[in-house]
Every structure is written in structure tokens, then in C-alpha cells.
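Trainee: Make a model of this:
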Amino acid sequence: MSDPKTESMLIVDDEEVNRAILANIFSEEYEIFEAEDGVEGLAAAQARQDSLSAILLDVQMPRMDGIEVLRRLRDTGLLSRVPAFLITADMGGATLREAYELGVMDVIYKPVVPFLVRRRVNSVVELFRARRLLGAEVERQREELLRQTEQLAQMSTGMVEALSTAIEFRSDESGEHVRRLHDITCHLLRRTELGAGIPESQIRLIGIGAITHDVGKISIPDAVLNKPGRLTPEEYELMKTHTVKGAQLLDRIPQMRGHSAYAYARDIALHHHERWDGRGYPDGLKGGEIPIWTQVVSLADVYDALVSPRCYKKAYSFETALEMIFGGQCGVFNPRLLECFRQAEPALRRLYQHAKGEDEHAGE
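Mentor: As a prediction, this is how the structure comes out:
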């Protein structure tokens, strides 16, 4: 018993004898479907478009002629996927020209010569089949490249997170600081007007940049980084260099320079201690000179530092932290940023309550 045919062909002709001749030529290679006129043929072509390998189409037919069928098939885009052949006795140049302009692959004149028709039709069908296979392979390779790119992006992000977390541990912090900073930054950009006009893809990159904000602290000696008391003026000046050192470190990591988040990460590392009034460091940027994402990270950093324990202080309550921020004890911020932060802060508290609940559960 032979294998069932996987290729199909549609023959559209109002003459039964013509359909029989063509069907006999191709019946060994294709599953044959027939239609008696253009209207029936158009419906059959659209219904079977995913399985058709070729359409053989007469020109002169009642209700709808072959040229009109071609017009309709072109408009649906089917002719780009399934080759159509015009079977005609009309030798007129106008018909021939329009047929080719509409996208017909070949014009076969009646009376047909079986071996010639088979050769011409099968050659084109094979070409379309090869093109489909090539397209499928190109798509498979594209998906594989996208998958590999995503894996590399995840690996790069993981390396950035690991480096940043290691630095947080070195400064006697839990390592959760960078994760909370990421979440607060993304929340403010996604859920408030601060992120208006910033696409989600860009917010994700800014979030990665927020993770590396303090990467330059790796250059600060432990005695200064973990000093429990107030820093001397000399120590404070040394501590301030972590912004420039952070930008320089990111510049020197080739994988980071190739990362889509690099521009955000570098700007945040360098400028997250700038102030709205221009009295920050290292460049004394003022007002709108500081990108909005860096302003957001700066405020998120202050907020998290206040409500979290540090080697030099206990955690403040959320209420006290808000009083300090809005009272100007922690620097000067963009008034619009502060108003958006005020609205979002109740939701931000849940980040800490969730983490606290996990810690208590882990200790059970």
C-alpha cells in the first residue's frame, strides 16, 4: 500500500474533460481537488491554502474568470505562498501580461502536452518547496540566535547582580539592597508619571543600571566603608570617589560595555549622588541636567538606606524616613519626583513587609 499523498493540487476549469486530463497527469504525485468555475475555485483555494502545492486555473469560466480569481488570490497574499498556473487557449498578449503582473508563475497553452506540463509545474512546485524549507530554516536559526542572545543577556545580568551583591556584602549589608533598589526604581517608572514616555524595554535596562549604582565601592578600603562612626573630612572625600571609580570600572568591563544597560548603569553609578540644587557630586549637576532615571535611583537609594539597618545606624521607621526625606535632611530632590514618591510610598513599604515575612518564616 502506498503512502498517503502529502501534496495537493487544485484544478479549476469549467470543462470536465479538461479537469480529467490534468488530474490524470498529476494524480500519482498529488491529491487532486477540482472546481467547476472561478467562484468555487476561489473558495476551495482559500479553504485549502495551508495544504495546496499548486493551483491550475482556466481563463474562460462562468461566474468568475481566471484573471479575476488571480486578482482575489493576490489580494489575500496566497500567490506568494502557492504557485498558480494559467491554463488557456487565449494567445492574446493582454491576458498574458496581466496574468504575469498578478503573480501567475507560468502560462500553459491548450491543448496541453502531458510530459511538458508535468515538468514545468513540478519544477516551480519544487522551487516553492525549497523556498519554504529555506524560510523555515532561517526562522529556526533566527529563533536559536534570539534564544542564545537571551541566555547571554541573562548571564550578563546575573554577573552584574553577583558583582553588585558581593559589594553589598562587603559593606556589611544583606545584599538585598540592590534588589530593592531595582524594584523601587522600576515601580516608580512603571506606576507613576515619572516613566511617561519611557518604554518597558528601557525601564528594564534602567533597573539593571540601578543594581550597579554602588559598584565603585569596591575601591574603598574596608576601614572607611564599614566605619561605624562619622567619617572624617578626608574619609568622606575618599568615599565620594566611589562614583567616579564605579563609572571607570564599568568602562573597563568589555561585557558590560556591550550590554544594552551600559549607558544607564554608567550614568547612575557616576551621578546618583548629584542633587537637584547642584550641590551634589562628582560633577555638581543641577535640576534637569540629571537624567530622571538617575534621580529616581538616587531617591530610592536614600529611602532604602534610611529604613534598613547599617553598620553605623539602626533602621528608621517609615514615618521617620519620610519626614527626613521631605524635610530636606537627606538632600534636595526634584519636587515632581517627591510628589510621585509620596503617592507610591505605601506600595513600596510592602517590599519590606514581604521580605520581613519571608525572614520570619525561614526562622520557624
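Trainee: Kindly provide the distance from E126 to D277.
Mentor: According to Cβ to Cβ, to the nearest Å, E126 stands 74 Å off from D277. All C-beta spots, glycine's among them, are computed from the backbone N, C-alpha and C.
Trainee: right, I mislabeled it, should have said E7
Mentor: Taking Cβ to Cβ as the measure, E7 falls 75 Å from D277.
Trainee: what does I211 give?
Mentor: I211 sits at a distance of 27 Å from D277 (criterion: Cβ to Cβ).
Trainee: Neighbour count: these two, which is higher?
Mentor: Shown here are I211 and D277; by other Cβ atoms under 10 Å, I211 has more neighbours (25 against 13).
Trainee: was I right about the more buried one contacting E176?
Mentor: No. Using Cβ atoms under 8 Å, I211 is not in contact with E176, being 11.7 Å away.
Trainee: Is D267 inside a helix or a strand, and which specific one?
Mentor: helix 262-271 (DSSP states H and E).
Trainee: What's the mean pLDDT across that helix?
Mentor: Averaging the model's pLDDT scores along helix 262-271 yields 94.
Trainee: Summarise which helices and strands that helix is packed against.
Mentor: Counting contacts by 3 or more Cβ pairs under 8 Å, 6 or more residues apart in numbering; DSSP states H and E, helix 262-271 packs against helix 200-211, helix 242-251, helix 292-307.
Trainee: outside of that helix, which residues touch it?
Mentor: 160, 205-206, 208-216, 243-244, 246-247, 249-251, 256, 259, 280, 282-283, 285, 290-291, 293-294, 297 (Cβ atoms under 8 Å, 6 or more residues apart in numbering).
Trainee: Separate out the buried members of those residues.
Mentor: Listed as buried from the contacts of helix 262-271 are 160, 205-206, 208-216, 243-244, 246-247, 249-250, 256, 259, 280, 285, 290-291, 293-294, 297; burial here means 16 or more other Cβ atoms under 10 Å.
Trainee: Taking the centroid of the protein, which residue is nearest it?
Mentor: S201 (7.2 Å; Cα atoms, centre = their mean).
Trainee: Following the chain onward from the helix or strand where L116 lies, which element is next?
Mentor: Element membership of L116 [criterion: DSSP H and E] is helix 114-170. Sequence-wise, the next helix or strand downstream of helix 114-170 (DSSP H and E) is helix 176-191.
Trainee: what comes up buried for that following helix?
Mentor: 176-189.
Trainee: try stretch 224-232
Mentor: For stretch 224-232, using 16+ other Cβ under 10 Å, the buried residues are 224-225.
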